[in-house]
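Engineer: Need a 3D model of the following:
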Amino acid sequence: MNIFWILFGAMLVFVMQAGFLCLESGLVRSKNSINVAAKNITDFIISSTLFWAFGFALMFGDSYNGLIGTGSFFFGGSASPLQLSIFLFQMMFCGTAATLVSGAVAERMSYPGYIITTVIISLLIYPVVGHWAWGGLINGAAAGWLAVSGFVDFAGSTVVHSVGGWVALAAIIVIGPRIGRFNQDKRHIPGSNIPIAMLGALLIWFGWFGFNGGSTLAWTDAVPGILLNTCLAAFWGGIAAIVIKYMSDGYIDISQIINGVLGGLVAITANCHVVSVVDAAMIGGIAGIIVVYSSNLLEYFKLDDAIGVIPVHLFAGIWGTIAVALFGDPVLLDTGLTKPEQLTTQFIGIIVIGLYSFLTAFIALSLANKVYRLRVSSEAEINGLNVSEHRVTTEVFDLLTAMNQQQIQSDYSSPVPVEPFTEVGQIAQEYNRVIDKVQQEIQERDRAFNAFKESEYRNGAILEAAMDCIITINEQAHIVTFNPAAEQCFGITAGMVLGEHFFQLFMEDEPRAKALKSLSQGFTMGEGLVLKRHNICNLTRYDKETFPAEIVVTQTTDLNAHRKQYTLHIRDITKQVKLQNRLKLLAYNDPLTGLYNRTYLMRTLERLIAKHKEHTGSVVLMFLDLDQFKRINDTLGHNAGDILLREVAARLKTIIRDSDLVARWGGDEFVVVLSGQLDEQAASKKANEILKVMRDPITLLDNALTVLTSIGIAISVDGEVNADRLLQHADLAMYQAKSNGRNTYSLFLPQMEQEAQLHSWIENELPNAMLNHQLYLQYQPKVCCVSNKIVGFEALLRWQHPEHGFVSPAEFIPVIENTGLIITVGEWVISQVTQQLAHWRQAGINLPVAVNISGYHLHSPTLVPFLEGCLTEHNLDPELIEVEITEGALTGNSEESINAMQALKKIHIKLAIDDFGTGYSSLSYLKKFPVDILKIDRAFVRECYSNRDDAAICKAIISLAKSLELEIVAEGVENQAQLSFLGFQGCDVYQGFYFSKAISADEVAALVMMPAANSPA
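Structural biologist: Model (predicted):
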């Protein structure tokens, strides 16, 4: 079991080699990481070989006066298993000491230098001091002179770690710090892979269990306690390092955490077998503090320890060896010494081993350095030891090399190589992008520089021939230079003004005061002139004429110069100001009428409304539209239209106050804006004045015309209505004026906006109504006045909205007529009616149905083909369809209407004129229209039996229809008196609520079958 434990401990210590490899390669730069890994395994190979051949014999052989061993060279021939196990265990210790040294001098020692150092420590130092402290250990009887004196170093805080630290210190002094380590910024050279370094620390910690636990050279009851003390010291070493580093520098240094843990492990190594757990924690914590402050000490003396070997292994090792006397249990120590005696012995051992180790290493390395330079060249160190020592590159090195070549050759045209799918490759890719951008900037700079050089050749001539005034003044405003352009501009020669005060000569009082204040502040602030800014200021010529000027001030001397001078670049901008005023006029005025345009109108309107938000008052906006202006353009030409618009503008100007505004909105639309203490009465009065002056005849191209105007009026009281809404209100009122008969005015009322909103809602909802089958038909019976039998129906379009319920036809039919849906809806009605007629035919009902067609649909070339298609599809008699057209739809283009109606007659469709008597058509037109039916509008039927005028109209229409052999239909019959009067006058057919309201198609059959005797008539 003892042999197994020793061998297992040796294997754990061997794991420390892997830990040191990870730790050191992670704490150095990537350009040296391969070199560090290579030297670690080389150190171990060489140190182990030397320890086998000579070291073990010198350390544990027969002692010569307690100074050196003398037997068992090339160990192993006749050794027992126990001796072999102890040899392997101690061989790992020797490799550890050698590895420590090479880690401290990493990144600048040559590879042969590592080997020389390893030979020195493995052959000349470690076996000798090891014999002093541990000689006779294998035999169980102390033989080394320190061991005999009572010196205790259980697992090698001094023998292994301090020895490695002393040799590392000597090596550092001999070869010096790394390049750039102690520059003025005193920067710490960062490691390449801290997580790998942390992994290495954990592997070392794991191996330390074998380091301390295996040093018993037997499995005993003390081993668990030793391992616990080892862990506690490591814990508190790390904690102390963290706390001290944070308290002193204000941040957590990862490398100090690692070194604090390792310092605790080193310190406990000498005493882990003789101290309590509390003592172990205290020893580790003190070691962590020592590591932090000793690192600062090395910084102070500019000693460059690459991975912290000296603070961790030398100083913590010394502390651990002293702690043996301070904390060790005398009974467990079993040296027979008192505490003071033990402390003295420990100090002697530390000093003697330290002096021997340091002096031997320093002398040997110094001599070796004279024969063979231990340090690599500066170029090799900068390039990295991976390449210089092993000819092995890394992605980072290749990238840096390529970048360095670009720098040396000053050629950035070729990109650096990109290794895909790696972080370095991403860096290289981004670098190439930056270089491309830099190249572009360099090319732009070169072009600009070349252009500048060319311009410099012409600079002198340009200054002399410059169109701008170039005047130099000093800090007292005295004129220093005065170029020819300035002489011409100011009307005075340079000789007369040099040395004179510029602002006194060429500025009036107010701008002069501001300019002098700016000058006193170096033209850097103030209300006057400011450096490198286009300042606009009025200047005065020698003859006292004032002119606007643009002045750019530049300082022609250094900012820190004792005496400053300034150059005034002055340009006479009189022409530019006039041009700007002209452009402003063009920007805000209508070129045809000379009135303000829409842009100026809106700005002024917004300003006036904002004003009356703060001060009580009203803004009145009148929106004017010329009636029938298009007809003037079409008949007399656009030139006549332009003359008319100019005349309108002139008339409007004559009747407004100076504070009012007249603008042309566009086309034949004008806007008048009034403001002040105004009300509706004042607005109406002004509107009447406008209408009156506009009614005066005007002669256009020998044609005397009267200009009629429709005016919409909207008022914003105390700024409550903004500009956009005020215009919208006036526009709505203007359309109401047109609806009221034109040549009048209308004041905006809230219901106008509601009606407009309803119109907009209907227009938006109608397409959905078609798609979602919200439209449907009802049928109004047409009844014979004599027999009181149903002789036909009129199809009436209805709309049932799912949210808003029933929508009146009076609301949505006009919207349909004003949109592109009119033909679509009309064709849908025709299709539904013809389909319904086919169903009724199957039920034995063959009565005609009248369908209302708009004037726009009547003139559509698709009407007749669509009707024919529907009739053919359902095999219907054309006489079952009647087409009703309003009288107003026929008056716009009578010839086109006649042609359209004749096309319908050719396919035997009956035609009816709806709402007859409400339009303005000539009776001669009626004779030309190929109609079959006249329908008397309900407006005349309502009081035909009691009102003489309505009765006379109904008689006239019926008489006219009879004379033209047309069928007459009366609409809106609601009582017996109306029906009796119409029947007596010879009316053929009536329809209205007196007989029946409009019904659904499903109710038609029952109504048709009802006997005439039971009818309302």
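Engineer: Quick one: neighbours of the closest residue to residue 75 other than its chain neighbours, just the number.
Structural biologist: When the adjacent residues along the chain are set aside, residue 75 lies closest to residue 56, with 4.6 Å between them (CB to CB, 6 or more residues apart in numbering). C-beta here means a position set from N, CA and C on the backbone, and glycine is covered the same way. Other residues within reach of residue 56 by the criterion other CB atoms under 10 Å amount to 28.
Engineer: Secondary structure of residue 56: a strand, I assume?
Structural biologist: No - with DSSP: H, G, I helix; E, B strand; the rest coil as the criterion, residue 56 is assigned helix and is not in a strand.
Engineer: Look up how far residue 80 lies from it.
Structural biologist: According to CB to CB, to the nearest Å, residue 56 and residue 80 sit 14 Å apart.
Engineer: Residue 205 too?
Structural biologist: Computed with CB to CB, the distance linking residue 205 and residue 80 is 32 Å.
Engineer: Out of those two, name the residue with the larger neighbour count.
Structural biologist: residue 205 (21 against 10).
Engineer: ok so, going back, quick check: the residue nearest to residue 75 vs residue 142, distance?
Structural biologist: On the measure of CB to CB, residue 56 and residue 142 end up 18 Å apart.
Engineer: pLDDT score for residue 820?
Structural biologist: Listed pLDDT for residue 820 reads 67.
Engineer: number of nearby residues for the closest residue to residue 482 other than its chain neighbours?
Structural biologist: Nearest-residue entry for residue 482: residue 494, 3.8 Å, with adjacent residues in sequence omitted and distances by CB to CB, 6+ apart. The number of residues packed near residue 494 is 14, by other CB under 10 Å.
Engineer: Pull the contacting residues for residue 862.
Structural biologist: 823, 827 (CB atoms under 8 Å, 6 or more residues apart in numbering).
Engineer: on that earlier part again, list the contacts of the residue nearest to residue 75.
Structural biologist: With contacts taken as CB under 8 Å, 6+ apart, residue 56 has the following neighbours: 72, 75, 87, 90-91, 127.
Engineer: For residue 736, which three-state class applies?
Structural biologist: Here residue 736 is recorded as helix under three-state DSSP.
Engineer: Would you mind confirming that it is in contact with residue 712?
Structural biologist: Yes - the criterion here is CB atoms under 8 Å, and residue 736 meets it with residue 712 at 6.9 Å.
Engineer: out of the two, which sits in the busier spot?
Structural biologist: residue 712 (26 against 21).
Engineer: Where does the more buried one sit: helix, strand or coil?
Structural biologist: Using three-state DSSP, the structure places residue 712 in strand.
Engineer: Tell me what it is bridged to.
Structural biologist: For residue 712, the beta-bridge partners under DSSP bridges are residue 623, residue 746.
Engineer: Just list the residues touching it, thanks.
Structural biologist: Residue 712 makes contacts with 622-623, 729-737, 745-746, 748, as judged by CB under 8 Å, 6+ apart.
Engineer: now these as TSV including distance to residue 417?
Structural biologist: Putting the contacts of residue 712 into TSV (distance: CB to CB, whole Å) gives the following:
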residue	distance to residue 417
622	78
623	74
729	73
730	74
731	71
732	74
733	78
734	76
735	76
736	80
737	81
745	84
746	82
748	77
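Engineer: Looking at these, spot the one nearest residue 597.
Structural biologist: Comparing these against residue 597 with CB to CB places residue 623 closest, at 15.3 Å.
Engineer: residues in contact with the closest one?
Structural biologist: Shown in contact with residue 623 (CB under 8 Å, 6+ apart): 665, 669-671, 711-714, 727, 730-731, 733-734.
Engineer: show me where pLDDT drops low in the stretch 251-400 of the chain?
Structural biologist: 392-400 (pLDDT under 70).
Engineer: how does it look with 80?
Structural biologist: Scanning the stretch 251-400 of the chain for pLDDT under 80 picks out the ranges 251-253, 384, 387-400.
Engineer: Then the stretch 901-1017 of the chain?
Structural biologist: Flagging of the stretch 901-1017 of the chain using pLDDT under 80 yields the residue ranges 915-928, 1010-1017.
Engineer: what residue lies at the spatial centre of the protein?
Structural biologist: Ranked by distance to the mean C-alpha position of the chain (CA atoms, centre = their mean), the top residue is residue 430 at 21.8 Å.
Engineer: Wait, a helix at that one?
Structural biologist: Yes - counting by three-state DSSP, residue 430 is part of a helix.
Engineer: just to revisit the earlier point, show only the entries of the contacts of residue 56 found in strands.
Structural biologist: Among the contacts of residue 56, DSSP state E puts none in strands.
Engineer: who's in contact with the closest residue in space to residue 349 that isn't next to it in sequence?
Structural biologist: Nearest in space to residue 349, with sequence neighbours left out and distances taken as CB to CB, 6+ apart, is residue 151 at 4.0 Å. Contacts of residue 151 were listed using CB under 8 Å, 6+ apart, and they are 132-133, 345-346, 348-349.
Engineer: Out of those residues, give me the two with the largest separation.
Structural biologist: Maximum pairwise distance among the contacts of residue 151 (CB to CB): 13.3 Å, between 132 and 346.
Engineer: Buried ones in whichever strand or helix holds residue 42, by neighbour count?
Structural biologist: Applying DSSP states H and E as the criterion places residue 42 in helix 30-50. Residues of helix 30-50 classed as buried under the neighbour-count rule (16 or more other CB atoms under 10 Å) are 30-40, 42-44, 46-48, 50.
Engineer: in the stretch 251-400 of the chain, which spans are helices?
Structural biologist: Counting by DSSP state H, counting those that start in this stretch, the stretch 251-400 of the chain forms helices over residues 254-269, 277-300, 309, 316-327, 330-333, 339-371, 378-383, 385-390, 395-409, given from the N-terminal end onward.
Engineer: correct me, but residue 512 touches residue 505?
Structural biologist: No - with contacts defined as CB under 8 Å, residue 512 does not count as touching residue 505, sitting 9.9 Å away.
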